[in-house]
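> Provide a 3D model corresponding to the input given below.
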Amino acid sequence: MLARMRPGGVGARLVAVRELWQNPALRRAELAWGGFHAAEWASLVALSVVAFESNGAGAVGLVLFARMVPSALVAPFVAVVGDRYRRERILIVVHVVRTLACLGAAVALAVDANIAVVYVLAVLAAVPLAAHRPSHLALTPLLVRTPRELAASNVAALTFESGAVLLGPALAALLLAVSGPAAVFAACAVISFLSFVAIAGVRPAMAVEAPAERIGVLHELREGARSLAGNRPVRLVVSLFGSQAFVRGALNVMLVVVAIDVLDMGESGVGILTAAFGVGGILGATAGVSLVGRGRLGRPFQLSLAGWGLPLVILAAWPESWVAVLCLALSGLANSLLDVAGFTIMQENADERVIGRIFGLFELVVIATVGTGSLLAPVAIDLLGSRGALVAAGGLLVGLAALASRSLGRIDDEAEIRVAELELLRRTSIFAPLPYAALRRLTASLGEARAGSGEEIVRQGATGDFVYVIEQGRASVSRDGEFLRELGPDDVFGEIALILDVPRTATVTATEPVVLRTLAREPFLAAVTGNQLSHDELRRIVAARTPTELAAAPR
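Predicted structure coming up:
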């Protein structure tokens with residue numbers, strides 16, 4: 001029975017995924033996410049085949065690099081736009097552009113237009129990459145209701161993405177076998193239109209406030225870059241994601257060479273191997289349920305990064321078709337776990353006010369490294385051979401995972417503290433009604449204070465700058481030397497002075513050693529006055545206390 005489930009058990013995690021699916025906005029967002037990736041992978045297979053048949057492996061690498069350049073150029077602007085405008089509306093534009101570009105490529109191939117026209121349209125279809133992932137990942141914290149649901153949303157996203165990596169290339173392989181690349185691009189246009197329909201129905205319950213004053217794109221971008229550079233957990237995860245994206249870009253080229261020249265699987269072999277990666281991704285997304293509700297995600301991220309690269313080394317040592325399918329499935333499994341862990345770490349540690357810019361800069365890193373990997377892969381193949389290039393690519397990720405061990409362990413230690421702070425705020429009557437995104441922002445502003453037995457924490461008549469939440473211990477409230485009440489764990493005090501902008505109306509003294517969490521005036525008022533349920537609770541408290549307390553307040 002649910003009542004007997006451990007909070008971190010598999011049953012509870014499955015319940016979290018089920019609850020997520022009952023969230024209509026999240027359900028639509030995840031379906032649109034899956035459709036975007038299905039169209040991306042199907043069109044990538046078709047484009048790779050067109051380029052390889054035209055000019056060989058060099059052309060594949062050049063075209064895959066070229067399609068990333070416009071995305072890289074627009075990524076900085078998208079990073080700013082993601083914090084200025086509603087993210088679901090940005091995603092609508094993304095799917096419309098993808099639909100029109102894929103439809104144009106299908107028509108160009110059908111009428112046997114110049115191959116350059118196809119390349120240009122394929123590049124246009126890739127431009128939305130810069131906006132899609134940042135906007136989606138920045139939108140989901142506004143749609144979720146609990147920390148557990150946030151991790152579950154990433155599991156769902158990876159399930160759909162991995163399914164897309166399977167179904168997109170499989171659809172491409174089928175259409176290439178019975179028709180040709182034009183049919184693949186036409187199918188991508190249909191999928192992209194359905195994704196547009198799904199995201200058009202998303203309405204977040206909470207919207208991010210746009211800056212009151214537009215201070216310029218470059219200034220806002222620098223602000224986001226400083227936030228990213230100064231955020232150690234996010235900076236580390238983005239750097240390691242960049243290395244994985246570099247290998248992924250190189251693998252996009254290597255798979256064409258391995259499938260056609262090394263394994264002799266033909267053109268459809270490219271789709272088969274890519275689909276094998278997708279099968280592993282689905283299994284990994286299913287296994288990702290084990291990460292839901294888990295605060296410590298640094299170690300899973302480390303193991304997944306190593307697990308991404310090691311199968312490539314095995315494939316190089318044992319180049320058989322069935323081994324290739326198995327190894328790519330293992331890399332796909334690790335890829336899903338890597339994304340669930342990494343995205344959740346970033347969402348939990350990024351400031352909501354700049355999270356769009358952080359994910360935009362993250363996407364810029366991914367685009368740049370994928371493009372660089374695609375461009376350098378033919379060089380690596382020429383210098384090391386296809387098998388040597390696979391060893392170099394896979395070994396890079398294994399080595400980086402080992403080097404990052406200590407830093408990822410520190411992320412886990414900090415995550416446990418943050419989860420405890422969130423749970424503390426949720427146990428209070430004032431903060432419990434706040435949405436998860438607001439609570440997460442408040443934890444970043446929490447301080448800590450301690451007081452010994454008999455020590456005054458606040459004094460009647462003093463200026464009030466902080467609200468206090470008791471984490472451990474007990475305290476007494478008195479006014480003019482007369483005892484009023486006792487406070488214990490999870491109780492909040494000091495809010496009246498901040499709400500009404502008056503001096504402290506009572507003295508609070510520790511009756512035993514206490515551990516307190518402190519919250520300054522500005523973040524406190526911004527959070528609780530901006531939420532109707534929390535504001536109602538404040539009004540109730542004020543109505544219950546102020547008649548006598550205000551009378552005692554110094555004027």
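> who are the neighbours in contact with Arg517?
421, 424, 446-449, 468-469, 471 (CB atoms under 8 Å, 6 or more residues apart in numbering). For glycine as for every other residue, the C-beta is placed from the backbone atoms N, C-alpha and C.
> go again using 10 Å as the cut-off
When contacts are counted by CB atoms under 10 Å, 6 or more residues apart in numbering, Arg517 touches 420-421, 424-425, 428, 442-443, 445-449, 466-471, 492.
> Model confidence score at it, please.
Arg517 is assigned 92 on the pLDDT scale.
> Now do the buried residues in the helix or strand containing it.
For Arg517, the host element (DSSP states H and E) is strand 514-520. Neighbour counts over strand 514-520 (16 or more other CB atoms under 10 Å) mark 514, 516-519 as buried.
> what's the helix or strand in which Asp339 is found packed up against?
In the assignment (DSSP H and E), Asp339 maps to helix 321-349. Applying 3 or more CB pairs under 10 Å, 6 or more residues apart in numbering; DSSP states H and E, we find helix 321-349 packed against helix 129-143, helix 147-178, helix 232-257, helix 267-287, helix 298-317, helix 355-403, helix 405-426, helix 436-443.
> Now for the residue positioned nearest the centre of the chain: which residues touch it?
By CA atoms, centre = their mean, the chain has its centre lying nearest to Phe343, at 3.4 Å. By CB under 10 Å, 6+ apart, Phe343 lies in contact with 133, 136-137, 140, 150-151, 153-154, 157-158, 237, 241, 297, 301, 359, 362.
> Select only the buried ones of those residues in ChimeraX?
Selection of buried members from these for ChimeraX, criterion 16+ other CB under 10 Å:
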select :133,136,137,140,150,151,153,154,157,158,237,241,297,301,359,362
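> Gly394: which of the contacts of Phe343 is nearest?
Relative to Gly394, the closest of these is Phe241; by CB to CB it sits at 16.5 Å.
> So that closest one versus Asn349, what's the distance?
Going from Phe241 to Asn349 by CB to CB, to the nearest Å gives 14 Å.
> Equivalent analysis for Leu31, please.
From Leu31 to Asn349 the distance is 27 Å (CB to CB).
> and these two? which has more neighbours close in?
Legend: neighbour count by other CB atoms under 10 Å for Leu31 and Asn349, higher for Asn349 (21 against 18).
> and Ile430, helix, strand or coil?
Look at Ile430: counting by DSSP: H, G, I helix; E, B strand; the rest coil, its state is coil.
> Measure how buried it is and give me the count.
Neighbour number of Ile430 under other CB under 10 Å is 20.
> Same check on Glu423?
For Glu423, the neighbour count with other CB under 10 Å is 12.
> before we move on, what about Val97?
Around Val97 there are 17 other residues, counting by other CB under 10 Å.
> Mind telling me what element it is part of?
Assigned by DSSP H and E, Val97 belongs to helix 87-110.
> quick revisit: list just the nearest of the contacts of Phe343 to Ala324.
The closest of the contacts of Phe343 to Ala324 turns out to be Leu158 (CB to CB; 22.6 Å).
> Could you check how far that closest one is from Arg28?
Leu158 is 17 Å from Arg28, where distance means CB to CB.
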